[in-house]
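K.L.:
fold the stuff below for me.
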Amino acid sequence: MSHIHIRSTQIDAARSLWEQVPSWVGSYRALHVLAIRLPDRDIDSCFLKVVAIDGLYNTFIYDRWGMAQHLASVPANSYVPESPDLVERLAYFGGKHYRSFASKYAHFFVDSERYPIWDQYVLRSLAHHRGSRKIWPSSYDEFCKWLLEVGQQCEEPLTCKEIDQYLWISGMYRQFKDDKKKQLSNDAKDLFQLSDSETAGLLQMLL
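P.N.:
Take a look at the predicted model:
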């Protein structure tokens with residue numbers, strides 16, 4: 001399997017593009033503030049975190065109170081570093097796997113470096129760099145291993161946030177270029193349609 005290496009210029013471009021969108025920066029900052037203000041995992045704290053994540057990222061949690069009860073019921077010993085299956089345990093609710101939501105919950109409210117964010121655009125970009133566009137990870141653990149493989153191919157060490165930013169934005173931009181009618185957030189579309197030379201240069205550098 002031939003990996004496509006990530007260049008440091010691509011990471012820098014993604015960071016600059018991400019910083020151009022106030023709602024992206026604000027959402028990330030707001031969840032970190034919430035994590036500081038509500039460090040506990042009681043039912044009320046979990047409910048506010050569910051509402052915040054689902055409201056900001058549209059993770060399709062239709063029973064928010066039920067999900068909060070589920071999160072509060074996960075045993076405390078599941079949160080220790082020796083429990084890599086934490087996201088899968090958080091994700092399984094009502095007979096479904098909500099990995100996108102659970103990875104965001106673990107990223108923002110447990111450990112931002114240990115738990116990268118599972119997202120359809122991250123998966124798209126990750127598959128591109130692994131040279132396996134039609135093969136998707138079957139579990140969160142496999143996703144993390146693939147992400148680590150791709151990250152190790154970069155020209156310099158990356159933080160979880162840096163590689164997440166790059167994979168997410170480049171995945172969205174590849175989707176946008178392939179099909180401009182595909183549903184994307186208005187923020188993403190507005191960014192990708194900017195005509196100023198600086199943004200155009202960053203988008204070109206991104207890919």
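K.L.:
could you list the domains of the protein?
P.N.:
Following the assignment in automatic domain parsing, the chain carries domains at 8-21+118-206, 24-109.
K.L.:
for the last one, measure first residue to last.
P.N.:
In terms of CA to CA, to the nearest Å, the two terminal residues of domain 24-109 are separated by 18 Å.
K.L.:
spit out the contact partners of the nearest residue to Met172 once chain neighbours are set aside.
P.N.:
The shortest distance from Met172 to any residue that is not its chain neighbour, by CB to CB, 6 or more residues apart in numbering, is 4.7 Å, and that residue is Tyr121. C-beta: built from backbone N, CA, C; applies to glycine. Tyr121 sits next to Leu167, Trp168, Ile169, Gly171, Met172, Gln175 when contact means CB atoms under 8 Å, 6 or more residues apart in numbering.
K.L.:
how much space between Lys96 and Ser138?
P.N.:
Counting by CB to CB, to the nearest Å, the gap between Lys96 and Ser138 amounts to 15 Å.
K.L.:
Asp178 too?
P.N.:
Computed with CB to CB, the distance linking Asp178 and Ser138 is 24 Å.
K.L.:
also Arg114?
P.N.:
Remark: distance between Arg114 and Ser138 (CB to CB) = 20 Å.
K.L.:
which of those two has more residues huddled nearby?
P.N.:
In this comparison of Arg114 against Ser138, neighbours counted by other CB atoms under 10 Å, the higher total goes to Arg114 at 14 against 8.
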